[in-house]
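> need a 3D model of the sequence below.
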Amino acid sequence: MSSLFNIISFLYIFRSAQLLVKIWREWADIVQEPLTHHKKHLAEQSAYFLAVPVSVFFHEFAHALAIWFFGGKVISFNYRFFWGYVEHAPMDSPVEQWVISLAGTVGSLLFGLGIWLALRHNRASSLRYFGLRAFRFQIYFSLLYYPIFSFILPIGDWRVIYDFSATPILSSVTLVVHVIFLILYWRYDKQGSFEAPATESVAEQMQFEKLEQEVAQNPHDTQLQLQYVDMLRRGSANNRAKTQLTQFLNANPNSAAAYLELAAIEAGKSREISKKTSGYAAQALQLGLSNPYQIAAAQRMVAQYNLGVGNVAAALQAYEQAIQAINNAAMTPQQINTLATLYHERSLAYRRLQQYELAYADIAQAISLAQQSGQADLTAVYQGDLAVLENHAGHKLGNVSNW
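Down below sits the predicted model:
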């Protein structure tokens, strides 16, 4: 088993080295504002591939300290970056063995707490976020993953910690404390305490900070609150967004825009639109959305869900209502792309019904809109789908000579 762990550790060390090189090359940008999605990804990767090797050392060193405290002898200190173990002379007391086993987990948790405390006031938001995510991972690893791992495999500290036959009182107290910590972890993680929103520019970050202050000063301004939720969601702080939105819905249960935000949060959890997402979108439509682009967004979610479950007729109806909502509205280039996407997706629904001429008309419209907004990449994608459509039809559709 140690050979397998060594192989896995070697592969992880290779990934850690790659990450270190990338961070070294991008360091000047990383410590500058704002906290972008790219920097968040690097911080989350670093919380594992860079922080874990250090935490493993502290974990094993804490075992050694406990052994020395009881006057024991460390026979060997084995550190393999992503795993390790300490061999020591047999201890006479089960209590001493329990303390030695628990010490490793305490060492890991103290390391996670220490790195968070050290970076929580750093002026670089990317480093603050790294400290927060590293702390979160150490809690998750030490109190959830490692205990499960210990009971799946015939090794691990938690087998000794929870040896009720040897240390019934200590193991029982540990179980109570362990459960309390896991509940607290679940609660704070679910409400977004370990999250931070990403922004793609300093101006956008300043806008978010200003909005956060305005929301705090005007807690009853529903428009500000929904803007705040929207920025949290767009910044991938989904748990924070949902926590704020839940509080908002408790006070404003008939807000159509809030249900649309809830649908958008749910949609971000998976590549497929779920029944729950579609339900929230339908609820938003039922309560009455006024903004045409919000109507289109809600109808699109309903359409995507129905298309996914094979209810093509309902999907076509929803796409039709989405297109009608924005077809005659003044549009920015980004909104033109939204309309092009709707035509493109509806063409896929028509193609599923083998209504190739209708599918052709929609994909032609999507190509025209993509060209209008100057999106060469989208145009190429849609033209590729047109070729697929004609292949399915078995003949040329319409007149494509102008493209």
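
> Provide a list of residues in contact with the spatially most central residue of the chain.
Nearest to the geometric centre of the chain sits S236, at 6.6 Å (CA atoms, centre = their mean). By CB atoms under 8 Å, 6 or more residues apart in numbering, the contact list for S236 reads 37, 40, 195, 197-198, 268. C-beta here means a position set from N, CA and C on the backbone, and glycine is covered the same way.

> try it again with 6 Å
Residues in contact with S236, defined by CB atoms under 6 Å, 6 or more residues apart in numbering, are A198.

> again, but for I115
I115 is in contact with 131, 134, counting by CB under 6 Å, 6+ apart.

> what's the answer for A43, then?
126, 129-130, 133.

> S76 now?
For S76, the contacting residues are E87, by CB under 6 Å, 6+ apart.

> in the sheet, who's paired with it?
Beta-bridge pairing for S76 (DSSP bridges): E87.

> assign the residue nearest to the centre of the chain to helix, strand or coil.
With DSSP: H, G, I helix; E, B strand; the rest coil as the basis, S236 sits in coil.

> phi and psi next, for it.
In terms of degrees, to the nearest 10, the main-chain angles of S236 are phi 60, psi 30.

> do P90 as well
Here is the backbone geometry of P90 (degrees, to the nearest 10): phi -60, psi 140.

> returning to what we had before: in helices only, show me the contacts of A43.
126, 129-130, 133 (DSSP state H).

> including pLDDT, could the residues you listed go into JSON lines?
Shown next, in JSON lines, are the ones in helices among the contacts of A43 (pLDDT from 0 to 100):
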{"residue": "S126", "pLDDT": "97"}
{"residue": "Y129", "pLDDT": "98"}
{"residue": "F130", "pLDDT": "98"}
{"residue": "R133", "pLDDT": "97"}
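
> need the residues you listed in TSV (columns: neighbour count).
TSV is the format used below for the ones in helices among the contacts of A43 (neighbours: other CB atoms under 10 Å):
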residue	neighbour count
S126	25
Y129	24
F130	26
R133	24
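
> can I get those in CSV including distance to D362?
Below are those laid out as CSV (distance: CB to CB, whole Å):
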residue, distance to D362
S126, 43
Y129, 42
F130, 46
R133, 43
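
> buried sites along stretch 40-51?
Neighbour-count burial for stretch 40-51 flags 40, 42-51 (criterion: 16 or more other CB atoms under 10 Å).

> kindly report the same for stretch 356-374.
For stretch 356-374, the neighbour count (16+ other CB under 10 Å) marks 356, 359-371, 373 as buried.

> ditto for stretch 148-163
150, 156-158, 160-163.

> closest to A322 out of the contacts of A43?
Nearest to A322, judged by CB to CB, of the contacts of A43 is Y129 at 36.2 Å.

> just give me how far the longest helix belonging to the chain sits from the chain centre.
If you go by DSSP H, the chain has its longest helix at helix 2-30. In terms of CA atoms, centre = their mean, to the nearest Å, the gap separating the centre of helix 2-30 from the centre of its chain is 21 Å.

> for it, name the packing helices and strands.
Contact here means 3 or more CB pairs under 6 Å, 6 or more residues apart in numbering; DSSP states H and E; on that basis helix 2-30 packs against helix 37-49.

> pLDDT weak spots in the stretch 301-403 of the chain?
Within the stretch 301-403 of the chain, the ranges that satisfy pLDDT under 70 run 399-403.

> and what of the chain?
1, 399-403.

> same thing but at 50, please
Low-confidence segments of the chain (pLDDT under 50): 400-403.

> got the domain ranges for it?
Domain assignment for the chain by automatic domain parsing gives 2-190, 330-403.

> and the buried residues of stretch 40-51, which is closest to Q294?
Set against Q294, the nearest of the buried residues of stretch 40-51 by CB to CB is K40 (27.1 Å).

> if we can go back for a sec, what residues sit buried inside the longest helix of the chain?
9, 12, 16, 19, 23, 30.

> need the max-distance pair from these.
Pairwise distances across those (CB to CB) peak at 26.1 Å, for the pair S9 and I30.

> re earlier: now the buried residues of stretch 40-51 in CSV, with distance to L262?
Output for the buried residues of stretch 40-51, formatted as CSV (distance: CB to CB, whole Å):
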residue, distance to L262
K40, 23
L42, 30
A43, 27
E44, 25
Q45, 30
S46, 32
A47, 29
Y48, 31
F49, 34
L50, 36
A51, 34
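
> what is the burial count for the residue nearest to E272 when sequence neighbours are not counted?
Taking CB to CB, 6 or more residues apart in numbering, and ignoring the residues beside it in sequence, E272 has G308 as its nearest neighbour in space, at 5.8 Å. As a burial measure, G308 scores 14 neighbours (other CB atoms under 10 Å).

> closest one of the ones in helices among the contacts of A43 to E272?
R133 (26.9 Å).

> list the contacts of the residue nearest to that closest one when sequence neighbours are not counted.
The spatially closest residue to R133, leaving aside those adjacent along the chain, is A47, at 4.1 Å (CB to CB, 6+ apart). Residues in contact with A47 (CB under 6 Å, 6+ apart) are 133-134, 137.

> can you do 10 Å?
Listed by CB atoms under 10 Å, 6 or more residues apart in numbering, the contact partners of A47 are 55, 112, 115, 129-138.

> buried residues in stretch 167-187?
Counting neighbours by 16+ other CB under 10 Å, one finds that the buried residues in stretch 167-187 are 167, 170-171, 174, 178, 185.

> in helices only, show me the residues you listed.
Here DSSP H is the test, and the buried residues of stretch 167-187 give 170-171, 174, 178, 185 as lying in helices.

> with respect to Q207, which of those residues is nearest?
Nearest to Q207 out of these is Y185 (CB to CB; 31.8 Å).

> surely that closest one touches L143?
Yes - the pair Y185 and L143 qualifies as a contact (CB atoms under 10 Å) at a distance of 6.6 Å.

> what is the nearest of the contacts of A43 to A103?
Using CB to CB, R133 comes nearest to A103 of the contacts of A43, at 24.6 Å.

> counting by contacts, list what the strand or helix carrying G279 packs against.
Using DSSP states H and E, G279 sits in helix 275-287. Contact partners of helix 275-287 among helices and strands, from 3 or more CB pairs under 10 Å, 6 or more residues apart in numbering; DSSP states H and E: helix 256-267, helix 292-308, helix 312-326.
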